[in-house]
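Colleague: test case, fold it:
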Amino acid sequence: MYRFLHIAVLLLAGMLAKAYDGGFVDANIAAGTDSVRADSLLPRPAVRKKNPLLRLLDKALEVDTNYIERNKFNVTLMTRSDWRFKQIRLSGTDDDGRTQSLYFRPHSQVTIGPYVGYSLLFLGWTVDLGSNLTTNNSNLYISLYAPMFGIDYYYENDIDGYKIQHIEGFDHEVVENSKYQPFPGLSTNMKYIHVYYIFNHRHFSYPAAYSQSTVQRRSSGAMILGYNYSRQIISFNYNLLPKSFFDIDGNPILNDALQVRQARYTNHSISLGYTYNWVFARNFLFNVSASPAIGYNFTRGENLTHDKIYRLRNLNFDFIGKLGFVWNSQRLFAGWAFTAHTYTYKKSTFSCLNLLLSGQIYAGVNIWRKKNKGK
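Modeller: Numbering: from 1, shown residues only. Predicted structure coming up:
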């Protein structure tokens, strides 16, 4: 599914970029009225009706220039550095109701990389500074930002890049001996797609806060409706845990529910929230967005102890939050942003929490000024 959506993003981006650069008339320009002339009775040439798709694109790209100033340049170049607080929690409960939990976090919390944007489409790639700049620990971002709607695609790959942050449900000696120990047995792979609709897009610009492709000139807010798709693969080799997790005979002290080799989670959710751009000075913007989400999980994992496949289908409640601060003079821009995501999956004996808090600092330049089409 994500491959299909990825191709759709690229095709739609090309169409939107062509339409966007073609000079759609802004919403605040009123159409004139023809005056009655002597030749008004002459036959008029047939007027070709605009294609319905182009009319839809007109509507999607329509803005009120009293509130939003379009970007005067075609290409955006940017460098972005991310600070990530990421936490993976695996919990298992035995038949007696006793729960054991393992908390992991990445070795390095800083990634950095380049971004490039053309018209409405943006592509970025960041790598983990603690992984010798290999693609084993990297993130890929693809975004399409139109005034009415947007699409975000995010790919994350963390291979053997975790350490034990802390554990619960074990003896004190095990807790102390395992804290902050490197753990090469955990790898995560995630693909995430967020499609959203902006209700008040003529007055409110989401791209002004998170893609710098427009400039918000007057404060405004809007409701935001989103569809979210995520697919995660968590590979867990408990045999690589520190020696304190095994008894004198070499048997793991983990309960049966935690002895999982791999868990695959697919989630579909709907989010509804509110976002607001506060323009407190010329070229300065502060944004806050909050969107609670309700979703449905499709989960598959393999339990090695009982050699069987368990499946889970249940509702979950997550959260998407953003903060953004931007200075944008059209040619140059800089800012920071904060994003919060939670992904939760649970059943009666096993649960997983993937918490991602990230802060971004970025700076960039817009180049290749658009031609003035006189509109």
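Colleague: residue ranges with poor pLDDT in the stretch 51-200 of the chain?
Modeller: In the predicted model, the stretch 51-200 of the chain carries pLDDT under 70 at residues 130-136.
Colleague: ok, which stretches of it are helices?
Modeller: For the stretch 51-200 of the chain, applying DSSP state H, counting those that start in this stretch gives helices covering 52-60, 172-178.
Colleague: put together TSV for those helices, with distance to residue 290 on each row.
Modeller: In this view, the C-beta of every residue, glycine as well, is placed from N, C-alpha and C. Shown next, in TSV, are the helices of the stretch 51-200 of the chain (distance: least, C-beta to C-beta, whole Å):
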stretch	distance to residue 290
helix 52-60	24
helix 172-178	35
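Colleague: out of the ones you listed, which gets nearest to residue 315?
Modeller: Of all these, it is helix 52-60 that lies closest to residue 315, at 31.8 Å by C-beta to C-beta.
Colleague: follow-up on the earlier one: nearest to residue 81, out of the helices of the stretch 51-200 of the chain?
Modeller: helix 172-178 (30.9 Å).
Colleague: turn the helices of the stretch 51-200 of the chain into TSV, columns for mean neighbour count and distance to residue 352.
Modeller: Converted to TSV, these look like this (neighbours: other C-beta atoms under 10 Å; distance: least, C-beta to C-beta, whole Å):
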stretch	mean neighbour count	distance to residue 352
helix 52-60	14	37
helix 172-178	13	19
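Colleague: out of the ones you listed, flag the one nearest residue 121.
Modeller: Using C-beta to C-beta, those put helix 52-60 closest to residue 121, at 14.5 Å.
Colleague: ok, the helix or strand residue 360 falls within: who's next to it in the sheet?
Modeller: Using DSSP states H and E, the element containing residue 360 is strand 350-369. Partner strands and pairing direction for strand 350-369 (DSSP bridges) are strand 73-93 (antiparallel), strand 332-346 (antiparallel).
Colleague: among the helices of the stretch 51-200 of the chain, which is nearest residue 338?
Modeller: helix 52-60 (27.9 Å).
Colleague: who are the packing partners of that closest one?
Modeller: Applying 3 or more C-beta pairs under 8 Å, 6 or more residues apart in numbering; DSSP states H and E, one finds that helix 52-60 makes contact with helix 2-21.
Colleague: what mean pLDDT does the helix it packs on get?
Modeller: Summarised as a single mean, pLDDT over helix 2-21 is 50.
Colleague: quick one: neighbours of the residue nearest to residue 246 when sequence neighbours are not counted, just the number.
Modeller: Nearest non-adjacent residue to residue 246, counting by C-beta to C-beta, 6 or more residues apart in numbering: residue 252, 5.7 Å away. Using other C-beta atoms under 10 Å, residue 252 has 15 other residues around it.
Colleague: what sits against residue 252?
Modeller: Neighbouring residues of residue 252 by C-beta atoms under 8 Å, 6 or more residues apart in numbering: 238, 239, 241, 245, 246, 259.
Colleague: make a ChimeraX selection of the buried ones in those.
Modeller: Of those, the buried ones can be selected in ChimeraX as follows, counting by 16 or more other C-beta atoms under 10 Å:
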select :238,241,245,259
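Colleague: between the contacts of residue 252, which is nearest residue 85?
Modeller: Of all the contacts of residue 252, residue 241 has the smallest distance to residue 85: 23.0 Å, by C-beta to C-beta.
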